[in-house]
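Visitor: using only what follows, build the 3D model:
(chains A and B)
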Amino acid sequence: MAKVTRRTFLSTTVGAAGGVAAMGLIAGPSTLVEAAQNVADASDGPTANEPMTAFVRDAATGEIEVMVGHKAVVTKNPQLIRQLQRVTR
Amino acid sequence: MSSHREAPGISKDPVADSTDLYAFTSPDHPNSVTLIANYIPLEGPDGGPNFYNFGDDVLYEIHISNGGGVGENITYQFKFTTEYTDPNTFLYNTGVITSLNSSSWNVRQFYSVTRIRNGHSEVLANKLACPPVNVGVRSTPNYHALAAAAVHPLDGGWVFAGQRREGFYVDLGSIFDLGVLRPFQNDHLIPLPAVGGVDSSKQLNVHTIAIQVPKTDLTGHGELPTDPTSADSVIGVYTSASRRKSTVLDNGGRTMDVGPWVQVSRLGMPLINEVVIPIGKKDFWNSTDPRNDAQFVANYAHPELAGLLPVLYPGVFPNLAAYTKERADLEAILLTGIPAGVVAGFQNNTGSTPADLLRLNMAIPPASSPNINGILGGDLAGFPNGRRVFDDVATIEIRAIAGVTIPLVDPSFTPDGAAGAVSDFSAAQFSSGAVPGNSRYIDHFPYLGLPLNGFDTPR
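Guide: Residues are numbered from 1 along each chain as shown, chains lettered A, B, ... in the order given. Take a look at the predicted model:
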């Protein structure tokens, strides 16, 4: 935050009251949550850098739910699950 | 409360917790309907420094069926984004907020509105500004102007999203203390002297999404509804909140949301998930589509509360205690709408598919002298014909469950004398105006009063 004095505080307040505050002072998207959401909204299809999560729904049947963007795809891949299990041992 | 913290899961997720839904013919613009979906329960006006906001990671929706059916014909979607003017201060505002452009206002929310009509999606507005919360007399001294500036034109109507005063009134502390209604607690199983009710939400705010829509935008064929007997005059409404299916809490405080939207909260008629659906099904109910509510009909047919009333108030409800038939009255009022021929000059039926929808017959004109007891009070423009902001839905539903509406479908039944009198507030509290109280509502869009400010509230 910029240094605040009583004088600058009051001058900011008076300026705002006079309607001279500029929207240009407002920064663009400033949260990571928002940035992620904007990326997700921009496209329904996956891109190279887009986050992806995979949920092993049922290891016994090899069922995995893969989520990317606004999509969720259920697939079966017992081999991948076994690989993941080995990695996490 | 109507649907405040009503289920175990959503009680931990306030920004996605739908609290109340209203749908009514706008009294000052009778060719339009106002739809209001409230979120964030039990919102203390003094909740700084991180005052309440909508969730940037939540999809808020208002769903509408028309033509007297339950199919989803129109959906309004609302998505929010938060921006910090200065991320290097801990303050919500660094001076007086005098306008929606004030550089001293640090935490701003904007939103988009998208309408999906019969499968066709159209962005109606982008980057509409929410007002700030009502911080206090120094930060937001002219709050009325800030709130007014946040009412935006929208496709022939109006839209507003931001903090308002809580409109729903109830004695929360007594009702969930073994079903006590303070004015009648002398007759309770564990008796105390009768006293007036306590208005638990009197000093609370809420976050409101409100739209005012021309009626011709809501009917199936673009006609203005004028015939109360026509199915085309009836709409069914519910609101929902959804989150992305996968959330990863990453290192450094970062959050990543991925996957399709998943519904975590819904609301049509007040108090359904609160007191009709059992606790083991509440989270599941919130995740389901109202068109699949046939699976919950048993909870309406024999509601737990109807069985409890004769136990909690011994000797007061003998006729209700002896009534063992399915509650066809509640199924009609709450799940299918009231068919023609039950209440003279009225119907809001949407067919035989049970669904938790707030049903509004748009051809019924606004009442010149509204009765807060709605149709039970002879006012066809009030609940359960939609719901106005001031309707006393807690009293109406308690009386209905107590049996006062059974004769509508079963003339052989005589309601107990108490069924038409019970309420969580006394008659004197209503007649004096103490409940719901002054300044809780306004006579124009968005109809809920200005939010209470955090400096003066609570007192």
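
Visitor: next secondary structure element downstream of the lowest-mean-pLDDT helix or strand in chain A?
Guide: Between all helices and strands in chain A, the lowest mean by mean pLDDT, DSSP states H and E belongs to helix A:32-42, at a mean of 36. On the C-terminal side of helix A:32-42, the closest following helix or strand by DSSP states H and E is strand A:52-58.

Visitor: average pLDDT for that following strand, rounded please.
Guide: Mean pLDDT, computed over strand A:52-58, is 94.

Visitor: what does it contact?
Guide: Here strand A:52-58 makes contact (CB atoms under 8 Å, 6 or more residues apart in numbering or on different chains) with A:46, A:63-68, A:74, A:81, A:84, B:246, B:248, B:256, B:258-259. For the C-beta atoms, the positions are set from N, CA and C on the backbone; glycine is no exception.

Visitor: who does that strand pair up with?
Guide: Sheet pairing of strand A:52-58 (DSSP bridges) gives strand A:63-68 (antiparallel).

Visitor: so what's the residue count around B:I62?
Guide: 23 (other CB atoms under 10 Å in any protein chain shown).

Visitor: give me phi/psi at it?
Guide: In terms of degrees, to the nearest 10, the main-chain angles of B:I62 are phi -120, psi 120.

Visitor: return the distance of it relative to B:S11.
Guide: 22 Å (CB to CB, to the nearest Å).

Visitor: swap in B:T94?
Guide: 34 Å.

Visitor: give me the number of residues near the residue of the stretch 301-450 of chain B found nearest chain A?
Guide: Here the stretch 301-450 of chain B gets closest to chain A at one residue, B:L450, 20.0 Å apart by CB to the nearest CB. Counted with other CB under 10 Å, residues neighbouring B:L450 total 19.

Visitor: centre of the chain to stretch B:271-282, how far?
Guide: Distance of stretch B:271-282 from the chain centroid (CA atoms, centre = their mean, to the nearest Å) equals 16 Å.

Visitor: pull out the buried residues from that stretch.
Guide: Residues B:271-277, B:281-282 are the ones in stretch B:271-282 that count as buried (16 or more other CB atoms under 10 Å in any protein chain shown).

Visitor: of these, which is the nearest to B:V180?
Guide: The shortest approach to B:V180 among those belongs to B:V275, at 14.2 Å (CB to CB).

Visitor: ok, the nearest residue to that closest one once chain neighbours are set aside - how many residues close by?
Guide: Setting aside the residues directly before and after it, B:V275 is nearest to B:L305 in space (CB to CB, 6 or more residues apart in numbering or on different chains), at 5.5 Å. A count of nearby residues for B:L305, using other CB under 10 Å, gives 15.

Visitor: what's B:L305 in contact with, if anything?
Guide: B:179, B:275-276, B:401.

Visitor: any chance of these in CSV, plus pLDDT, distance to B:P193 and secondary structure?
Guide: Putting the contacts of B:L305 into CSV (pLDDT from 0 to 100; distance: CB to CB, whole Å; DSSP: H, G, I helix; E, B strand; the rest coil) gives the following:
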residue, pLDDT, distance to B:P193, secondary structure
B:G179, 95, 17, coil
B:V275, 94, 26, helix
B:V276, 96, 31, helix
B:I401, 98, 25, helix
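
Visitor: could you identify the most distant pair in those?
Guide: B:G179 and B:V276 (14.4 Å).

Visitor: element containing B:T140?
Guide: With DSSP H and E as criterion, B:T140 is part of no helix or strand.

Visitor: is it true that it touches B:Q163?
Guide: No - under the contact definition of CB atoms under 8 Å, B:T140 does not touch B:Q163, with a separation of 10.3 Å.

Visitor: what do the two both touch?
Guide: What both B:T140 and B:Q163 touch, as defined by CB under 8 Å, 6+ apart, is the set B:133-134.

Visitor: spell out the secondary structure type for the closest residue to chain A within the stretch 151-300 of chain B.
Guide: Proximity to chain A, evaluated over the stretch 151-300 of chain B using CB to the nearest CB, is greatest for B:G259 at 3.5 Å. B:G259 falls in the strand class when you classify it by DSSP: H, G, I helix; E, B strand; the rest coil.

Visitor: in contact with it: list those residues for me.
Guide: When the contact criterion is CB under 8 Å, 6+ apart, the partners of B:G259 are A:53, A:67-68, A:70-72, B:244-246.

Visitor: those residues: which two are farthest apart?
Guide: Within the contacts of B:G259, A:T53 and A:H70 form the most distant pair, 12.7 Å apart (CB to CB).
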